[in-house]
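S.K.: okay, structure incoming, though there's no sequence with it:
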């Protein structure tokens, strides 16, 4: 017996929920890190161009595919392919299943990283009231908690249960309600941190570094990194936006929602970068201390700086890790919803059974990720999970899963979605979803169709080609 499909109560609810999905740890730590690695300005400009030319068209494609079918990723892509090629339904189902699997694997290790935010929130809260411990080495603190298997399992379990609890209550009463509460809090914390950062001595230098382009400092690798991140940052290629699109009613605009989601995600990434770089350029010796890993700034260097360098850091420290936790939670919710929606639509499970079952199954693999952390950190450990090496240099289950999802599953899934929207679906089908009377004046269907048929698939195919040649986007 089919279950009545839930819908977002408003376009604002959709935008907040989908923006929450897109805003994640990649905005708060990876984008600042890769911007630093690629010398700022020119990289940021190329990234913004890629967001407009690749990210935005694919975002619209995923949302329209979902809304048209009112089904999860598997059913939606089956219907999309069948628009012109009825015999290709199995291919569509396979592509949709690939996206569901990507969400499953990604959530299994993402929850572990998300759990670190809970640990650092409690630590920073204790430092706010008890003072930052003198002589403590930040790297030792991080490694100590990361190598504490019991603590890691507890933190991951806590985050998993929080994610399950939200998805359990459905779209309008669970995901949307949490997004309406948490996203404004997230924006508010980020604004407070921005004001504090702009008051630091190095803020002007930071702004120049980020927004003054110098193309002599940008190599081909930087252009490729900008292209790759413009795709990965928006939760594309794994069916999350298709699934969220399936809950859009006919009175809400796919185009307006897509534009708002992409704009908010990009603004938050830039604001986070301004905050991070203001600290880097204000603290003596900080430029040399930045770790060669995206983890370094967020969990190793930054905690101490809140209590020694950042204005009002004793208040902003705990708030910052609340921000990280909220960003992570809104992403984990969307990942679990991808898997749950598949079980509800394709397997006929009730939402409650689907959510609990999917959450429990994913946590089994979260345990694998926790047990493999020593291999991730380069610390000697025994056992297959921490020593396995399928991809060169990726040691342990955690690193292996991250590499496989980021470099293979998401780009191939995204490539198929561009083909589904640009080539398998009829012009009439896509136009009716985008040009439905709710679209804004700036939107031109012909331009979108050109980008989704030619620019986006070529760009994503380029990512796949470079992955084959050894480039790593994880």
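M.R.: Yes, it's here. Predicted model only: the values in this text are computed from it and were never measured.

S.K.: so what touches stretch 150-157?
M.R.: Counting by C-beta atoms under 8 Å, 6 or more residues apart in numbering, stretch 150-157 makes contact with 111-112, 114-116, 118-119, 145-146, 363, 366-367, 369-370, 373, all of which sit outside it. The C-beta positions use only the backbone N, C-alpha and C, and glycine is treated the same way.

S.K.: closest one of those to residue 209?
M.R.: residue 116 (27.4 Å; C-beta to C-beta).

S.K.: could you find the closest non-adjacent residue to the closest one?
M.R.: In space, and not counting its chain neighbours, residue 116 is closest to residue 299: 5.9 Å by C-beta to C-beta, 6 or more residues apart in numbering.

S.K.: ok, that neighbour - contacts?
M.R.: Residue 299 neighbours (C-beta under 8 Å, 6+ apart): 116, 120, 142.

S.K.: can I get those in CSV with pLDDT, distance to residue 392 and secondary structure?
M.R.: Shown next, in CSV, are the contacts of residue 299 (pLDDT from 0 to 100; distance: C-beta to C-beta, whole Å; DSSP: H, G, I helix; E, B strand; the rest coil):
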residue, pLDDT, distance to residue 392, secondary structure
116, 94, 26, helix
120, 95, 32, helix
142, 86, 26, helix
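
S.K.: could those residues go into TSV alongside distance to residue 398 and neighbour count?
M.R.: Below are the contacts of residue 299 laid out as TSV (distance: C-beta to C-beta, whole Å; neighbours: other C-beta atoms under 10 Å):
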residue	distance to residue 398	neighbour count
116	13	24
120	19	23
142	15	22
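
S.K.: and the helix or strand harbouring residue 184, what's buried?
M.R.: Here residue 184 sits within helix 176-198, counting by DSSP states H and E. Buried residues in helix 176-198, counted by 16 or more other C-beta atoms under 10 Å: 176-180, 182-183, 186-187, 189-190, 192-194, 196-197.

S.K.: picking up where we left off before, who wins for most neighbours among the contacts of stretch 150-157?
M.R.: Neighbour count (other C-beta atoms under 10 Å) singles out residue 111 as the most crowded of the contacts of stretch 150-157, with 29 neighbours.

S.K.: verify the stated contact: it with residue 163.
M.R.: Yes: applying C-beta atoms under 8 Å, one finds residue 111 in contact with residue 163, separated by 7.3 Å.

S.K.: give the residues shared as contacts by the two.
M.R.: By C-beta under 8 Å, 6+ apart, the residues touching both residue 111 and residue 163 are residue 332.

S.K.: sec struct for the closest residue to residue 14 other than its chain neighbours, please.
M.R.: Distances taken as C-beta to C-beta, 6+ apart place residue 8 nearest to residue 14, at 4.2 Å, with adjacent residues excluded. Per DSSP: H, G, I helix; E, B strand; the rest coil, the local secondary structure of residue 8 is coil.

S.K.: dihedrals phi and psi, residue 8?
M.R.: phi -60, psi 140 (degrees, to the nearest 10).

S.K.: cool, and residue 438?
M.R.: Dihedral angles (degrees, to the nearest 10) for residue 438: phi -100, psi 0.

S.K.: what residues does it make contact with?
M.R.: Neighbour list for residue 438: 251-256 [criterion: C-beta under 8 Å, 6+ apart].

S.K.: at 10 Å what do you get?
M.R.: With contact taken as C-beta atoms under 10 Å, 6 or more residues apart in numbering, residue 438 is in contact with 11, 250-257.

S.K.: next step: the residues you listed restricted to strands.
M.R.: Judged by DSSP state E, the subset of the contacts of residue 438 located in strands is empty.

S.K.: quick check on the residues you listed: which are buried?
M.R.: For the contacts of residue 438, buried by 16+ other C-beta under 10 Å: 11, 252-257.

S.K.: make JSON lines out of those residues and add distance to residue 395.
M.R.: Output for the buried ones among the contacts of residue 438, formatted as JSON lines (distance: C-beta to C-beta, whole Å):
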{"residue": "11", "distance to residue 395": "45"}
{"residue": "252", "distance to residue 395": "46"}
{"residue": "253", "distance to residue 395": "46"}
{"residue": "254", "distance to residue 395": "42"}
{"residue": "255", "distance to residue 395": "44"}
{"residue": "256", "distance to residue 395": "45"}
{"residue": "257", "distance to residue 395": "41"}
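
S.K.: which one of those sits closest to residue 19?
M.R.: Distance to residue 19, by C-beta to C-beta, is smallest for residue 257 among those, at 9.4 Å.

S.K.: and that closest one, what does it touch?
M.R.: Per C-beta under 10 Å, 6+ apart, neighbours of residue 257: 8, 11-12, 14-15, 17-19, 59-60, 63, 67, 241, 244-245, 248, 438.

S.K.: swap the cut-off to 8 Å and go again
M.R.: Going by C-beta under 8 Å, 6+ apart, residue 257 touches 11, 14-15, 18, 63, 248.

S.K.: tabulate these (CSV), appending distance to residue 410, pLDDT and secondary structure.
M.R.: Formatted as CSV, the contacts of residue 257 follow (distance: C-beta to C-beta, whole Å; pLDDT from 0 to 100; DSSP: H, G, I helix; E, B strand; the rest coil):
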residue, distance to residue 410, pLDDT, secondary structure
11, 27, 91, helix
14, 22, 94, helix
15, 22, 96, helix
18, 17, 96, helix
63, 17, 98, helix
248, 22, 95, coil
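
S.K.: which of those residues has the most neighbours?
M.R.: residue 18 (33 neighbours).

S.K.: in this structure that residue contacts residue 261, no?
M.R.: Yes: the pair residue 18 / residue 261 is scored as a contact, 4.8 Å apart, by C-beta under 8 Å.

S.K.: output the below-cut-off pLDDT ranges for the chain.
M.R.: The chain contains residues with pLDDT under 70 at 1-3, 138, 289-297, 374-384.

S.K.: list the contacts of whichever strand or helix holds residue 404.
M.R.: Secondary structure assigned from DSSP H and E places residue 404 in helix 397-404. Outside helix 397-404, the residues within contact range by C-beta under 8 Å, 6+ apart are 105-106, 108-109, 112, 365, 368-369, 371-373, 375-376, 385-386, 388-391, 394, 472, 474.

S.K.: and those, which of them are in helices?
M.R.: Among those, the members found in helices (DSSP state H) are 105-106, 108-109, 112, 365, 368-369, 371, 373, 375-376, 385-386.

S.K.: between these, which is closest to residue 129?
M.R.: residue 112 (27.6 Å).

S.K.: thinking again about what came up before, distance to residue 45 added to the contacts of residue 299, as JSON lines?
M.R.: Listed next are the contacts of residue 299 as JSON lines, based on distance: C-beta to C-beta, whole Å:
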{"residue": "116", "distance to residue 45": "32"}
{"residue": "120", "distance to residue 45": "33"}
{"residue": "142", "distance to residue 45": "33"}
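
S.K.: returning to that earlier point: and the residue nearest to residue 116, how far from residue 431?
M.R.: Look at residue 299 and residue 431: by C-beta to C-beta, to the nearest Å, they are 47 Å apart.

S.K.: now swap in residue 108 and tell me
M.R.: Relative to residue 431, residue 108 is positioned 39 Å away (C-beta to C-beta).

S.K.: more neighbours, those two?
M.R.: residue 108 (26 against 16).

S.K.: contact partners for the residue lying closest to that one once chain neighbours are set aside?
M.R.: Closest residue in space to residue 108, ignoring its immediate chain neighbours: residue 365 at 3.6 Å, by C-beta to C-beta, 6+ apart. Residue 365 sits next to 104-105, 108-109, 401 when contact means C-beta under 8 Å, 6+ apart.
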